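>>> Need coordinates for the below:
(chains A and B)
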Amino acid sequence: MMRLLNLFRRHKTFSHGGIHPLEYKERTAGLAIRRLPFAPRIVVPLAQHKGAPAVPLVTVGQQVVRGEPIAGADGHVSVPMHAPATGRIAAIDLWPTAEGPKAPAIVIEVSQAANQAVLYDEPVDVLALSPEEIVQAVKDAGLVGLGGAAFPSHVKLAAPPDKPIRTLLINGCECEPYLTCDHRVMLEKTDALLHGIRIVMHATGADRALIGVEDNKMDAVRAIADKLPDDGPISVHAVEAKYPQGAEKMLIESLLGEQIPEGGLPLDLGVAVYNVGTLAQMGELLPLGRGLIERVVTVSGPAVVHPGNYLVPIGTPVGFLLQQVGADAAANEVILGGPMMGMTVASLDVPVTKGVSGIVVYAAGDADQQPRTVYPCIKCSRCVEVCPMHLNPSMLGQLAQKREYGRMEHEHHLSQCFECGCCAYVCPSNIPLTQYFRIAKAINRETPTVAV
Amino acid sequence: MSSLQFVGVAVAFMSALGVVLASILVVANRWLFVLEDPRIDDVEDLLPKANCGACGTPGCRPFAEKLVKGEVDPGLCTVNSKDTNQIIANFLGVQLGTHEKRVARLACAGGAHVAYIRASYAGLGSCRGASLVAGGGKGCAWGCLGMGDCATVCTFDAIHMDRHGLPVVDADKCTACGDCVDVCPKDLFEIHPVSHRLWVACRNREFGDAAEAQCEVICTACERCAVDSPEGLITIRNNLAVIDYGKNRLASKVAIERCPTGAIVWREPDESVIKGRDARKIIRKTALPVG
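All right, here's what the predicted structure looks like:
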């Protein structure tokens, strides 16, 4: 029956599961990207990407200019950092992170007298460079996946020769509620985005690029389609607005009709997936030879007085940002990223990092903040219906309660779960399934040889 | 054939089958017989069957095998009473063996009355779960979250949460099996012999005022303990006093006397805690406010 209904759907989507949470995007979707004042202190964590932390190139007390490299990459899977503001290095010290443990960060005291111009330009014709040179340029720019994963972009560009990238997918789904930064980037930075796509196609040798946009952003689809020739290698596709459409595996299934084998990578299908924000920054920064020093962040949520899409220097403390948008007094829960997969922060000193796409703030009285009683599983199987990875969250949850973490992995494919939160969202018993799975994964990571 | 004949054939066939299978079993029993020391079963019966692993073997049966082979002393079992271990020693005709009592110790003293909570956590009541949500909301990112994963996992009922939300190890019941060491998401438990009298009950890696803003019993890396102690006994590493237990015989109460926060303490043989003379007196009984 569901298959039959799919025939009548207008736009492509993935085959199983998914939910339709209220979007709350209307408050910020129409607001143009704008800047805010610089924070008096900017904190650049050395590990804000997946992989090895960057190595500081500066010393305490040194003056830095906006755009100057302040930390170098440590190895292949690592990226450099650039000074997000002109100022003085106040400290290189431990600082709170969104994940919890304190980690080393470079603290810059922003110079109030500086005009904050970026003086580190090395203009270059990117499309004339060789693929290797582009990979190096992307690494030097400090680019990581801006959709939230913060995986170094150049690593995905340098595909091994036996697995060439044939198809490029550009992820403009933005399926998380509240977030509209990618939407605004697609509307306002369309040219930079298309240039970024051409750079990646040139670097990887991919012969086609598909931009996937959820069908609640048809204005973005039209804005991009207007600038594309009809029969070019780049095409834009509307996909159904359904969470988690923006997950890499879901988008590949929606657009290409193929599933990544368990434990595999998109590369196994000859596919690489990039976020629109990443490619827009790439298209903007690479021709200028600049580094990534700011990103668009949606600040929204019931407790925010002035929600919007703000161009924020990397390293701006969340507390300062909330002051600027008038959310500091009412804030009860502050989430970096979207409400479905984002991370709640425990300290407002946590800085905005490269992977933060939004900040959602709830006030104490919001419906979402009320305590919920957890009841036993009633085996209603709603979680099974919504799991996009075809898992059995109910069974996994019951095993987690018995601390059978090994069985969860070996018999029920726990590692396939990417923690989208659909199961916990629909659970009528309020069982925090996703949290159970995160605990189980953390424990399985600590003990690699789990007993079966 | 009549029905009687049917029954006769069936009975004959089943009897023949039984004889054949029984003879196979008899032969197999002779051929595949493994001589096992009967004492292993006897010794195993005397062991607690907790299978805790504190002795270093996977369980009580392998420990009994090693005992009978003479590879280990009965005294290694920390769960059994000394009397029962003595019975095993007498039975096997070996020495009891002297093994110093070891206990699990928590490297944190930041209960709710002294450690600041920056954000309150709502969700699964488990330390592991809380630690995955922004580290749990405690001001000190290294400190005990106080939700009692260790007390839950302890097989011997040796860990209880005190009124300030800190686990307290009952030294008498603790068998040093190490389950709490494995379960703590902040890695705060360590197994130590009771002769390790000096103990740093802190893991915070920050310095001075930054550290003290998080907890009143924190190690601020002031180095007084290191200066007062014999050379090399205590060093400051990553803004934390670290005791070199290789030089444990040099340890004395001098090290704790000038500690301003009482982060370094002296453990009595019964594991009770003695703080230094200069340690700040904590008279607050209630929890600190969140924020």
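>>> which other residues reach the strand or helix carrying residue B:128?
Assigned by DSSP states H and E, residue B:128 belongs to helix B:127-131. With contacts defined as Cβ atoms under 8 Å, 6 or more residues apart in numbering or on different chains, helix B:127-131 is touched by A:100, A:432, A:435-436, A:438-439, A:442-443, B:121, B:123-124, B:136-137, B:144-150, B:183-186. Glycine gets a C-beta too; all of them are placed from N, C-alpha and C.
>>> try 10 Å this time
A:99-101, A:346, A:432, A:435-436, A:438-440, A:442-443, A:446, B:121-124, B:136-138, B:141, B:144-150, B:152, B:167, B:183-186, B:188 (Cβ atoms under 10 Å, 6 or more residues apart in numbering or on different chains).
>>> Just the buried subset of those residues, please.
A:99-100, A:346, A:432, A:435-436, A:438-440, A:443, B:121, B:124, B:136-138, B:141, B:144-150, B:167, B:183-186, B:188 (16 or more other Cβ atoms under 10 Å in any protein chain shown).
>>> need the contact list for the residue most central in space within chain B.
By Cα atoms, centre = their mean, chain B has its centre lying nearest to residue B:178, at 3.0 Å. Contact partners of residue B:178, counting by Cβ under 10 Å, 6+ apart, are B:52, B:53, B:54, B:102, B:104, B:189, B:190, B:191.
>>> any idea which of these is closest to residue A:184?
Closest approach between the contacts of residue B:178 and residue A:184, by Cβ to Cβ: residue B:189, at 49.0 Å.
>>> count of neighbours near the closest one?
Neighbours of residue B:189 under the rule other Cβ atoms under 10 Å in any protein chain shown: 23.
>>> so what's it bridging to?
residue B:106 (DSSP bridges).
>>> Give me the nearest residue to the residue in the stretch 101-250 of chain B that chain A sits nearest to, chain neighbours excluded.
Using Cβ to the nearest Cβ, residue B:135 is the residue of the stretch 101-250 of chain B that sits closest to chain A, at 2.2 Å. Excluding the flanking residues, the one nearest residue B:135 by Cβ to Cβ, 6 or more residues apart in numbering or on different chains is residue A:100, at 2.2 Å.
>>> correct me, but residue A:166 touches residue A:233?
No: between residue A:166 and residue A:233 there is no contact under Cβ atoms under 10 Å: 11.2 Å.
>>> Which neighbours do those two have in common?
What both residue A:166 and residue A:233 touch, as defined by Cβ under 10 Å, 6+ apart, is the set A:206, A:207, A:208.
>>> Just the buried residues of those.
residue A:206.
>>> so of the shared contacts of residue A:166 and residue A:233, which ones are in strands?
Among the shared contacts of residue A:166 and residue A:233, DSSP state E puts residue A:208 in strands.
>>> Can you tell me which of the shared contacts of residue A:166 and residue A:233 lies closest to residue B:108?
Using Cβ to Cβ, these come closest to residue B:108 at residue A:206, 52.2 Å.
>>> which residues touch that closest one?
Counting by Cβ under 10 Å, 6+ apart, residue A:206 touches A:159, A:164-169, A:197, A:200, A:233, A:270-272.
>>> Model confidence score at it, please.
pLDDT, residue A:206: 93.
>>> Disregarding flanking residues, what is the spatial nearest neighbour of it?
Here the residue nearest residue A:206, using Cβ to Cβ, 6+ apart, is residue A:168, at 4.5 Å.
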